[in-house]
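>>> sequence below, structure please.
(chains A and B)
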Amino acid sequence: MKRIFSSAALAVGFGFFAAASASAQSFDETINNAFASSTGWFVTLIFSNFPGTSFPWIVGWLVVAAVVFTVYFGLIQFRAFGHAISLVKGDYSDPNDAGEVSHFQALATALSGTVGLGNIAGVAVAVGIGGPGATFWMILAGLLGMATKFTECTLGVKYRNEYPNGKVSGGPMYYLTKGFAEVGKPGGKILAVMFAIFCILGSLGGGNMFQANQAHAQLTNVFGPYPGWITGVIFAFIVFIVIVGGVKSIARVTEKIVPFMGILYVGTALIILLMNFDRIGWAFGQIFAGAFTGLGVAGGFVGALIQGFRRAAFSNEAGVGSAAIAHSAVRTSEPITEGFVSLLEPLIDTVIVCTMTALVITITGQLISDPATGNYVLNEAGTAIQTVGDVSGVALTSAAFSASFGGFQYVLAIAVVLFAFSTMLSWSYYGLKAWTYLLGEGKAQELIFKSIFCLFVIIGAAASLGPVIDFSDAAIFAMAVVNIIGLYVLMPVVKRELNSYWSRLKSGEIRKFV
Amino acid sequence: MTEVIVVGYDGSDVAKRAIDFAVRQATAQSGAVLVVHVLEWSAYSFLTPQELEERHGRRKEEIERAETALMAPLKQTIAAAGVPVETMIRYGHVAKTLCDIAKKQGATQMVVGRDGSGGLSSRVFGSVAGSLVQMAPVPCTIVP
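Next comes the predicted model:
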C-alpha cells in the first residue's frame, strides 16, 4: 500500500516537472513571486520594529529572554560548564543503562540539526550586511543563548511523554500543556497549538527551504548556473526515500559523516587563520571596532547588532524550542542533566563554528573597504557591503575559503549538501512531531506531512535567497515567541530542579560511576 | 566458594562449543557457569532523531528477544547437565564488558569462542578473542 502511494506521488511529481521544464527559468520566477507575495505579511509582522526605532522587536525579545535566564540561573553557562563536559563523557551514566540514549547521543543528534547552513551561509549573510562587527554580537548572543537552551531542554525532558511501547516524545508542545497545568496557569494548550503550527512552518522554512536554497546556491557556484528546481527535485527525491521510504541507511551514513565534515570545516578554518596569523589581531580589531561603530555598514552599529543577534538565533535555535524535541529522548532520571548538556550546543554551534566562518571571511579580505576612511563600501542599493566577487550567502563563504585553498569550494559543496541534508532530516522530524501533535498519530497524517515537506524542498531550491531567508527567519522566530512565554512561566520549575540537583551534587549524593 | 566460569555467548556454533567446554570444566571442578550475552553498543555512536525516540523500546525488545531466543533454552540445557547456571544480557564493548563482569563476579576463568576467519575487519579493528588475550583479568580459554 505504501509502495503504491509513493510511486503514484513520484509519477505525479515527475509529470509536473516535465511540463514545467519547458520554461525552467520562468518557472523559478513564478515560484519566487508567488512565494514572496504570499508570505510577505507574516514576515512584516515578525520583523516589525519597535515604534520609532529601526530595531526589530523579535531580536529584543530573544536577547531579553537570554539575559533574563542568564541572570536568573546565576551565569549557569559558566558555572555548569565543567559538569556538562563530565556528563557528556558519561562519567555520571549508570553502566546498567548502556544501550539507552546517552547524553552524548542526544547532544550529537541535536547538534546535527542545528549545525547547518546557518553556520556557513547565515553567517556570511550577517557579515555581508552587518560587517565584521556582527561577529561580536553573534558570539555574545551565542553565550547568552546557552542559558535559554538550558532552560528549554530541562523542561523538554521533565515533561516528556513516555508511551507503553517505549517511545519517548517531548518538546515545547508537552511542557506548555503539562507544565502549565502543573503550575496552575491557564493557556498552555493554546500556546502548545500555536507552537505546533509555527513549528510546522519553521520546519518548512529554515529547516527546509533555506537549506535547499543555499545547497543549490553552492552547487551552482561550483558547477555553473542551472535552474533551481533540478536541485530541488533531486534533494526532494532523496529526502522522500529516507523519510517516507524508510531507507535508514542513508540517514545513518549522513549522521556519521556530518560530525567529520564539521571537524574538517573548523580544522580548515583554523589552518586559514594560522596562515594569516599576522592579520588575526587586525581581524579582531575590525570585529570590535565594527561592533560599536559599524564601520560604515548599513544601519551603523545597530545594523551590525541586529544582524549578529538575528543570525546567531537562527543558527543555534536557542529559545526556538526545536532542541527541546531532540534532547528529550535521553535516558536520565534527572531532567536538569540534559539541560547542562544542551548548554554546549550554542557554544559549539555559534561561539565556535559560526565565529570561524566570520573570521575567515574577514581575514581573507572578502569585504571591500575604503582605504582612506577604513569604512566598508556599500553596494549601489546601500543594503550590503561590496565583496570581492560581488557575492553573498554561501558563495561568500566559499570565496573566502577558496582564496586560501584553491578547490576548497568542492569540499565545501559536499559539506553544504550534507549539512543541508542532515538539517532537513532533523527538521522533518520536528515538523512531523508538531503535525502529529495537532492531527493525531497515524500513517496517513504522517504521509501527508512528509509529502508537503518534500514539495517545499523544491520550492526552496527554486526561489531566490531574499524571500526564502525572510520567511525562514520569520517562521523560526515565531516559534520562539510562543516558546519563550512558556519558559518565563516555567522557569521557577527549572530553578527548583537546579537547586535540588546542585546541592546533591555538592554533598556527594550524586557521584561519578567509576 | 564455587568457582565461576564466565562464558561469552552469541548463539553461534563456536559459542556453543565454548559453552560445552565451560560446562565440562565446571562439572570437573563442581563449579558454576555464568553465560553472558553482550550486545555491541557505544554511548558515542550517532543516531537519528527517530532512532532516539525509539531507542528505549528497541532496547527492551532486543533484551527480550535475546532472553527468549538465546538464553532461556541454553539455561535449560546447562541446568539439565547438572551445572549451576546464571545468565546475563549486557550492552557495551564486548571484550571490555566480559572482563568487567568477570572481575565483578569474582570469576576464576573465562571462555570464549573464536570464528578464526581472520577477515579484514578483525585485522583492522581486532576481534573479541584477540582483545581478551590482552585484557582478560583471569585465565581465559579460547575455543576454536
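>>> residues of chain B that sit close to chain A?
Chain B comes close to chain A at residues B:39, B:41, B:43-50, B:52-63, B:90-92, B:100, as judged by CB under 8 Å from any CB of the partner chain. Glycine gets a C-beta too; all of them are placed from N, C-alpha and C.
>>> what sits closest to the closest residue to chain A within chain B if chain neighbours are left out?
Minimum separation of chain B from chain A (CB to the nearest CB) falls at B:G57, amounting to 2.2 Å. Counting by CB to CB, 6 or more residues apart in numbering or on different chains, B:G57 lies nearest to A:G166, which is 2.2 Å off, once chain neighbours are set aside.
>>> what pLDDT is listed against B:I5?
Model confidence at B:I5, given as pLDDT, is 92.
>>> okay, now it: neighbour count?
For B:I5, the count of nearby residues is 25 (other CB atoms under 10 Å in any protein chain shown).
>>> for the one 3 residues further on, same thing?
When counting by other CB under 10 Å, one arrives at 25 neighbours for B:G8.
>>> do the same with A:S322
Here the count is done by other CB under 10 Å, and A:S322 has 32 residues near it.
>>> ok, it to A:W427 distance?
Distance of A:S322 to A:W427, given as CB to CB, to the nearest Å: 7 Å.
>>> now do A:I485
Per CB to CB, A:I485 is found 22 Å from A:W427.
>>> picking up where we left off before, A:E162 is in contact with the residue of chain B closest to chain A, correct?
No: counting by CB atoms under 8 Å, B:G57 sits too far from A:E162 to count as a contact (9.7 Å).
>>> shared neighbours, A:S322 and A:W427?
Common contact partners of A:S322 and A:W427 (CB atoms under 8 Å, 6 or more residues apart in numbering or on different chains): A:G113, A:G202, A:G207.
>>> tell me the mean pLDDT over the strand or helix carrying A:A236?
Here A:A236 sits within helix A:228-243, counting by DSSP states H and E. Across helix A:228-243, the average pLDDT comes to 89.
>>> how about it: buried residues?
Neighbour counts using 16 or more other CB atoms under 10 Å in any protein chain shown place A:228-233, A:235-240, A:242-243 of helix A:228-243 among the buried residues.
>>> helix or strand right after that helix?
Counting by DSSP H and E, the next helix or strand C-terminal to helix A:228-243 is helix A:248-275.
>>> next SSE after that next one?
From helix A:248-275, the next helix or strand downstream (DSSP H and E) is helix A:280-293.
>>> the following helix or strand past that next one packs against which elements?
Using DSSP H and E, the helix or strand that follows helix A:280-293 in sequence is helix A:300-316. The contact analysis (3 or more CB pairs under 8 Å, 6 or more residues apart in numbering or on different chains; DSSP states H and E) places helix A:300-316 against helix A:57-72, helix A:123-130, helix A:133-158, helix A:280-293, helix A:344-346, helix A:465-507.
>>> and the ones you listed as a markdown table, adding mean neighbour count?
A markdown table is the format used below for the helices and strands packed on helix A:300-316 (neighbours: other CB atoms under 10 Å in any protein chain shown):
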| stretch | mean neighbour count |
| --- | --- |
| helix A:57-72 | 19 |
| helix A:123-130 | 30 |
| helix A:133-158 | 28 |
| helix A:280-293 | 18 |
| helix A:344-346 | 27 |
| helix A:465-507 | 20 |
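>>> using JSON lines, please lay out those together with distance to chain B and mean pLDDT.
Listed next are the helices and strands packed on helix A:300-316 as JSON lines, based on distance: least, CB to the nearest CB, whole Å; pLDDT from 0 to 100:
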{"stretch": "helix A:57-72", "distance to chain B": "24", "mean pLDDT": "92"}
{"stretch": "helix A:123-130", "distance to chain B": "24", "mean pLDDT": "88"}
{"stretch": "helix A:133-158", "distance to chain B": "12", "mean pLDDT": "93"}
{"stretch": "helix A:280-293", "distance to chain B": "33", "mean pLDDT": "88"}
{"stretch": "helix A:344-346", "distance to chain B": "14", "mean pLDDT": "93"}
{"stretch": "helix A:465-507", "distance to chain B": "17", "mean pLDDT": "88"}
